[in-house]
Every structure is written in C-alpha cells, then in structure tokens.
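Chemist: compute the structure for the input listed below.
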Amino acid sequence: MKKTMTIMAIVVSLSACTSDDHDHGQGSNHTHETETSVKDITNLIFTSTASNCAEYANEYKSISKDINENSVYSGSLKISLEGDKCIFTTNAIPNHDFNDADKSFHNKVSEQDITYTIPQSPVVSSKVTKLGLRTDNAIFLNGVKLDVMAAGCFGIGRGFIGCGDDGQPFRYDPMSKLNSFGVDSHNAHTQPDGTYHYHGNPLAMFSENSTVASPLIGFAADGFPIYGSYFDENGTIRKAKSSYVFKDNGGPRVDITYKGKTYSPGGVYDGKYIDDFVYSASSGGDLDQCNGMTVNGKYAYYVTDTYPWVLNCFTGTPDSSFNKKRRR
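Modeler: Residues are numbered from 1 along each chain as shown. As a prediction, the model looks like this:
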C-alpha cells in the first residue's frame, strides 16, 4: 500500500482504509482492527474500489500541517449507517498538508462541524440537476468537500467573489490556469468561514498509476461514487476522458445579454470561464454531461484532466444535507 509521509517531527502510524474483514485492495499492510477502532488515514493513498458507502463505515483520524501558517491540525471523519443511508460527520480538515502556495489563504483554515447524508443505493433521476452555489457537490473519504463552482464572474463585484446568481454568464473556472484563485497544490483553498474545500482533483487521494483502475475517493451529493481518473475498459486500463470541448473550436467569445445587461469579456473560448465549454457527445470522450459513466454495471463520476474536472451536474437527486447554510 502506497503512503506518502509528511516531513514532520511527528511519527504517524498509518492503517488501511477498510471497514470489514475483507481486504479491499489494501495489500499486505492490512491492519487487523475492530470495526470500532479509529483508523489513521494521514496521507493515505486509497485503493478500495468498493462502490457502496457502507463499506467505509468507521471512524477516521489524521494529522496535517498548514504550511504557510506553520500549524498542525487534526482531521476527524466518522462514517456511520442509519437504515439505508450513510452519514458522514466531519471537521473538514484534510488528511494531507495544505496551504503550501506562494501566498497564504485569505481566510485561515478552521475546523467545522458538518454532517452529510447519502443513500447506499443511489438512483438515476429522470433529469439531471445542475450544480449551484448553494449546494456542496460531494464529500471525499478524507472528510473534505468538493465545491466546484466559484462565486466569481466577469463584470460582477470584485471579479473573483460576489457573484451569487447561478445563472450569471462568464463565471470563472477556478481550475483554469488563466485564473488566480489562490489554491494550494491540492486545488483547494478556504471559504470565508475557514472551510477547506476542493475545486477539482485533490491530487492526494489516489495514485497516478496507469496499470490499475483508480480507487473510489468519495461520494457525490446524490450518492453516486467518485473514482480517480483510471478505469478498466475490457482489460485495458486508461484515463477517463471528458466530453466537454471549447465552444466554436476555441473561436472568439460571443457577448451574452443577461437580465437586460450585456457582458463582453472579449477574447476567445479558452477555458477561463465555464461558459467557454460545451458538452459534445461526438467529441470522443467517455463521460456524459455530468462527467460520469457506467462501468461493470455501476454508474460513477470520474476525475478528469480537463473541464469539468470531477462533475458538472447530478445524475441522481442531491440530498438536502448538502445544502449550504445561509449566512446571517
């Protein structure tokens, strides 16, 4: 089992991320512990491909460091079962070091008290649900959420914040190299209340190994699993490819009139804004409009190297526990 240790004066004993007597791909380092023991997942590279959230029911802990603030944090995640549901209770502290960019986060990381609920057996809905600013997108197995959309749009407020209208055109893509959202090496940063969250691939939870199918790394708000980038296509391991392409083959951007106002950022469709992309079933990609597909009879979302990075909509119905609390 591959694990990467932080360079700290702390010796952390890592244990396998498994919830029962089966060895879910954890190899010879499988630790024989009771189901009620707290498992240390500090810097753990996950390997289990089990798709049912019940397989991960347990308590987990971790130690991580805020690099720029030179402070140590303790992560806490509990996955419990309640009927046909899985309950995730987390303090939202990652299991890896963070805040390691040239500039420190604008808001200091703080522990949270968050609970999410997902079904053990998610169901495909008759229509997809769009992502929105008022709903968290997913919970990863290290206790940190995915929150893809940014509250920044061209011509609104100070640019990278203040855009609270989901329908506003030319919303910045925080994963684009053309933008500067102050993320760390894990494509993450903090919200105003200090909540650490990812905008894309965490770059920490699965190995970039092209010889094996990627593990499960989390669950979307609709309960469907999220896997890393690699999947097994009839015995061939390869990366899942997004079906989104630049509009007009990367041609000049067209102005958009919204609520009586015309927005004209200019330039070409290059990925700076999420409006720069369009779903194309004929693009040669593997994934549907939500960035998911069915493999071996099971639907799941996959991490991709290009937009929409993890997911772009919900194939099932997101649970209301993922609705963000209104700030007073």
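Chemist: am I right that residue 139 sits in a strand?
Modeler: Yes: judged by DSSP: H, G, I helix; E, B strand; the rest coil, residue 139 forms part of a strand.
Chemist: what number of residues lie near it?
Modeler: If you count neighbours by other C-beta atoms under 10 Å, residue 139 ends up with 29. For the C-beta atoms, the positions are set from N, CA and C on the backbone; glycine is no exception.
Chemist: give me the pLDDT for residue 242.
Modeler: Looking at residue 242, its pLDDT reads 98.
Chemist: angles on the backbone of it, please.
Modeler: Torsion angles at residue 242 (phi, psi; degrees, to the nearest 10) stand at phi -60, psi 150.
Chemist: next one: residue 247
Modeler: Taking degrees, to the nearest 10 as the convention, residue 247 sits at phi -60, psi 140.
Chemist: so it makes contact with residue 278?
Modeler: Yes: judged on C-beta atoms under 8 Å, residue 247 makes contact with residue 278 at a distance of 4.9 Å.
Chemist: the two: who's more crowded?
Modeler: Legend: neighbour count by other C-beta under 10 Å for residue 247 and residue 278, higher for residue 247 (17 against 13).
Chemist: for this protein, what's the longest strand?
Modeler: Of all the segments of type strand in the chain, defined by DSSP state E, the longest one is strand 71-82.
Chemist: list the buried residues in that one.
Modeler: 73, 75, 76, 77, 78, 79 (16 or more other C-beta atoms under 10 Å).
Chemist: that one pairs with which strands?
Modeler: The strands beside strand 71-82 in its sheet (DSSP bridges) come out as strand 58-66 (antiparallel), strand 85-90 (antiparallel).
Chemist: quick one: secondary structure of residue 54?
Modeler: helix.
Chemist: which stretch among the strands paired with strand 71-82 comes nearest residue 183?
Modeler: strand 58-66 (14.3 Å; C-beta to C-beta).
Chemist: show the average pLDDT along that closest one.
Modeler: 98.
Chemist: from the buried residues of strand 71-82, pick the one nearest residue 175.
Modeler: residue 75 (23.6 Å).
Chemist: poorly predicted segments of the stretch 201-328 of the chain, please.
Modeler: 326-328 (pLDDT under 70).
Chemist: tell me which stretches of it form strands.
Modeler: 216-220, 225-227, 230-233, 236-239, 244-246, 256-258, 261-263, 277-279, 292-295, 298-302, 313-314 (DSSP state E, counting those that start in this stretch).
Chemist: same for the first one, what does it pack against?
Modeler: In other words, strand 216-220. strand 138-140, strand 225-227 (3 or more C-beta pairs under 8 Å, 6 or more residues apart in numbering; DSSP states H and E).
Chemist: looking at the ones you listed, which is buried most?
Modeler: strand 138-140 (a mean of 27; mean count of other C-beta atoms under 10 Å).
Chemist: now do that strand: distance to the chain's middle.
Modeler: Centroid separation between strand 138-140 and its chain, computed with C-alpha atoms, centre = their mean, to the nearest Å, is 6 Å.
Chemist: kindly report the same for stretch 180-197.
Modeler: Worked out by C-alpha atoms, centre = their mean, stretch 180-197 lies 12 Å from the chain centre.
Chemist: mind checking the end-to-end distance for that stretch?
Modeler: This stretch, stretch 180-197, spans 16 Å end to end (C-alpha to C-alpha, to the nearest Å).
Chemist: try stretch 185-205
Modeler: Start-to-end, stretch 185-205 (C-alpha to C-alpha) is 13 Å.
Chemist: do stretch 76-88 as well
Modeler: Per C-alpha to C-alpha, stretch 76-88 runs 10 Å from first to last residue.
Chemist: any idea how far it is from the chain center?
Modeler: Worked out by C-alpha atoms, centre = their mean, stretch 76-88 lies 19 Å from the chain centre.
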